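Trainee: need a 3D model of the sequence below.
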Amino acid sequence: MITPVGGGAAGVQNVAGNGQLAADNGRWESGMARAVVIGAGIGGLTAAVALEQNGWTVTVFEQAASIEPVGSGLAIAPNALRALDTIGVGDDVRKLSAIQGEAGIRRPDGRWLSRTSAEEAKQRYGEPTVLLLRSTLVDLLSVRLSPGALRLNSRVESVDADSGRVTTSGGAVDADLVVAADGIRSEIRKVLFPDHPDPVYAGVTSWRVVVPATGPVRASETWGRGLVFGVMPLADDQVYCYATAVVPAGQVNGDEKAELVRLFGGWHEPIPALLAAADPRAVLRHDIYSMDTPLPAFHKGKVALLGDAAHSMTPHLGQGACQAIEDAVILALHAGPAAGGLAAYTEARLGRTTRIVRRSRAIGRLTLWSSPLAVFARDGAMSLAGKLGPNVAFRQFDEVFNWRPPV
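Mentor: Take a look at the predicted model:
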């Protein structure tokens, strides 16, 4: 018996409730490929859209009873933009996003350690990184689903990997493909690979909040002693702020905004002004976990794991959502025996995502340093690399950003 956590989605209009599984059997005509997606987060919704466009009949089960906007932003890197182009969403994302212009790493006193520009990124990768609200991307994906495809308030209770039978709180349905996009604490992953180690705490907690712009803001990430504060300008005069700190897992505060002010209120502008403008009720806090031991495969039987369920990673390369998007379009490409099946999906995704998880984790470990001597050496190395030009800064992203989906 499993009760996986759904991925969550914001602003969804194309919704049906419980008690409609019988309608699925009518929708799923004889001979049509049938897929169930578990979790309506970005990876699950992207997979659902891609599978429908490839001729599958899809139902998405999300355990949440209602969909609320999530107050966080996303950086969509060139690799993920290309993946979204394959399902016709890329151009809409570009229209509704802010382009990441000059960006880089700073010290708490405001001095830049390294900087890059959108022009340099576009010249190197063909696309800049764009910034938008998570809820905006969820809306763009959800409206492309067929009517009735998304089922809220539908908790998945069990999955049979051999037969493809999915039992939910509303009944059972048989599928040719089950996509487990049920997040970092995936219960389906535990059923498929019961002896595999769970994701481990990365040593830091994170805060996220979207605030109104207090003036012109440039994208940046500021590194201190065991502390990070990031700023991402969004469209419509909004700014996405995120922060991390080294604390024990599970620690919470009564007032998370006050904790952010305590940690970062003395750092360079615009950080204090942005924190002052933040709504305390909008501040989100989550501990960060990483799948340090890669799975042996991303599939078993008729079930494929996707996104955080397959390869949860720290946010230090900004690739969590981007890799889930890549997973989704590659899964849709390979799903079905004529396209190589789920073994081909594992082969295409396991090695790449493992490298990205490890690289992101390595960068994250640098942000944990708190010794003054270690931080001085780290900042000096980044400053020297910055003086050598953007090629040095970009080099660590080349393998990630240059990815292109197969034609």
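
Trainee: helix/strand/coil for residue 119?
Mentor: Under DSSP: H, G, I helix; E, B strand; the rest coil, the three-state class of residue 119 is helix.

Trainee: could you number the chain from 55 rather than 1 from now on?
Mentor: Done: numbering now begins at 55, and the last item shifts to residue 173.

Trainee: how close does it sit to residue 285?
Mentor: For residue 173, the distance to residue 285 (Cβ to Cβ, to the nearest Å) stands at 20 Å. For the C-beta atoms, the positions are set from N, CA and C on the backbone; glycine is no exception.

Trainee: how about residue 372?
Mentor: From residue 372 to residue 285 the distance is 13 Å (Cβ to Cβ).

Trainee: can you pull the contacts of residue 183?
Mentor: Taking Cβ atoms under 8 Å, 6 or more residues apart in numbering, we find residue 183 in contact with 129-132, 153-154, 172, 175, 372.

Trainee: circling back: okay, and the common contacts of residue 372 and residue 285?
Mentor: Residues touching both residue 372 and residue 285 (Cβ under 8 Å, 6+ apart): none.

Trainee: which stretches in the stretch 55-204 of the chain count as helices?
Mentor: Ranges of helices in the stretch 55-204 of the chain, per DSSP state H, counting those that start in this stretch, are 75-81, 96-107, 132-139, 144-149, 172-179, 188-196.

Trainee: so what's residue 78 scoring on pLDDT?
Mentor: Note for residue 78: predicted pLDDT of 51.

Trainee: again, but for residue 67
Mentor: In this model, residue 67 carries a pLDDT of 35.

Trainee: returning to that earlier point: relative to residue 416, which of the helices of the stretch 55-204 of the chain is closest?
Mentor: With Cβ to Cβ as the criterion, residue 416 lies closest to helix 132-139 of those, at 19.1 Å.

Trainee: now do the closest one: distance to the chain's middle.
Mentor: Distance, stretch centre to chain centre, for helix 132-139: 14 Å (Cα atoms, centre = their mean, to the nearest Å).

Trainee: may I have it as PDB, with CA atoms only?
Mentor: What follows is helix 132-139, C-alpha atoms only, in PDB (Å, rounded to 0.1, in the frame of the first residue of the first chain):
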ATOM      1  CA  PRO A 132      18.800  26.700 -22.300                       C
ATOM      2  CA  ASN A 133      18.600  22.900 -22.100                       C
ATOM      3  CA  ALA A 134      15.200  23.000 -20.600                       C
ATOM      4  CA  LEU A 135      13.900  25.700 -23.000                       C
ATOM      5  CA  ARG A 136      14.900  23.400 -25.900                       C
ATOM      6  CA  ALA A 137      13.000  20.500 -24.200                       C
ATOM      7  CA  LEU A 138       9.900  22.700 -23.800                       C
ATOM      8  CA  ASP A 139      10.200  23.700 -27.500                       C
END
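
Trainee: any idea which residue sits dead centre in this structure?
Mentor: The residue lying closest to the centre of the chain (Cα atoms, centre = their mean) is residue 375, at 2.2 Å.

Trainee: contact partners for residue 185?
Mentor: Taking Cβ under 8 Å, 6+ apart as the contact definition, residue 185 lies against 127-130, 151-154, 273, 286-288, 294.

Trainee: return the closest of the residues you listed with respect to residue 184.
Mentor: Out of the contacts of residue 185, the member with the shortest distance to residue 184 (by Cβ to Cβ) is residue 151, at 3.6 Å.

Trainee: isn't that closest one up against residue 184?
Mentor: Yes: counting by Cβ atoms under 8 Å, residue 184 is a contact partner of residue 151 at 3.6 Å.

Trainee: which neighbours do those two share?
Mentor: Applying Cβ under 8 Å, 6+ apart, one finds that residue 151 and residue 184 are jointly contacted by residue 130.

Trainee: could you check how many residues crowd around the nearest residue to residue 350 once chain neighbours are set aside?
Mentor: Spatially, and ignoring its direct neighbours in sequence, residue 350 is nearest to residue 247 (7.1 Å; Cβ to Cβ, 6 or more residues apart in numbering). For residue 247, the neighbour count with other Cβ atoms under 10 Å is 15.

Trainee: any idea how far residue 377 is from residue 247?
Mentor: Noted for residue 247: a distance of 19 Å to residue 377, by Cβ to Cβ.

Trainee: who touches residue 157 in this structure?
Mentor: Contacts here follow Cβ under 8 Å, 6+ apart; on that basis residue 157 touches 169-171, 272-275.

Trainee: what bridges to it?
Mentor: On the basis of DSSP bridges, residue 157 is bridged to residue 170.
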